[in-house]
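Asks: give me a model of this one.
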Amino acid sequence: MTQTECTKLLELHGIKPTANRIVVVRELAVAGYPMTLNELEMKILSIDKSGIFRALTLFREHHLVHALDDTGGTRYELCHSHSAHEDDDLHVHFVCERCGRTYCLDSVPVPQVELPPGFTMTSASHVVKGVCGHCATSSKVC
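Replies: Residues are numbered from 1 along each chain as shown. The predicted structure follows:
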């Protein structure tokens, strides 16, 4: 993802494109999988942990990233949402119990949940655990 594409994506979500925010967006886009704050910190040496966390917090508020909890803690991924007001790309995630990698299953939507009267959903995540295709065909851990 180019700097221009990152800038446009930030602006689409109502976020002022600063140098740090562009770097965080670009790293999430390049990774192609949900990353923890620690993983981002290891990749982005030019921004301290609190700066990355502030960017992620702002991105969540503007529906630019999803945050999901799995066995490795909270992970962040870019949304494919086209709105700064709601997530329109909720999907299932898969966590491999052998290698620990988290996969986005973009084509598998989060199942619809019928809530009791008076309950309001603000977000949903669905994590499936098992063994990924690579680990299943490999005799050693990924």
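
Asks: poorly predicted segments of the chain, please.
Replies: Residue ranges of the chain with pLDDT under 70: 70-72, 80-89, 139-142.

Asks: how about stretch 105-120: buried residues?
Replies: Val110 (16 or more other CB atoms under 10 Å). Where C-beta positions appear, they are placed from N, C-alpha and C, glycine not excepted.

Asks: sorry, wrong one. I was asking about stretch 8-27.
Replies: Buried-residue list, stretch 8-27, by 16+ other CB under 10 Å: 9-10, 13, 15, 17, 20-27.

Asks: tabulate those (JSON lines), appending secondary structure and distance to Cys99.
Replies: Output for these, formatted as JSON lines (DSSP: H, G, I helix; E, B strand; the rest coil; distance: CB to CB, whole Å):
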{"residue": "Leu9", "secondary structure": "helix", "distance to Cys99": "29"}
{"residue": "Leu10", "secondary structure": "helix", "distance to Cys99": "32"}
{"residue": "His13", "secondary structure": "coil", "distance to Cys99": "32"}
{"residue": "Ile15", "secondary structure": "coil", "distance to Cys99": "33"}
{"residue": "Pro17", "secondary structure": "coil", "distance to Cys99": "35"}
{"residue": "Asn20", "secondary structure": "helix", "distance to Cys99": "31"}
{"residue": "Arg21", "secondary structure": "helix", "distance to Cys99": "30"}
{"residue": "Ile22", "secondary structure": "helix", "distance to Cys99": "30"}
{"residue": "Val23", "secondary structure": "helix", "distance to Cys99": "27"}
{"residue": "Val24", "secondary structure": "helix", "distance to Cys99": "25"}
{"residue": "Val25", "secondary structure": "helix", "distance to Cys99": "26"}
{"residue": "Arg26", "secondary structure": "helix", "distance to Cys99": "25"}
{"residue": "Glu27", "secondary structure": "helix", "distance to Cys99": "21"}
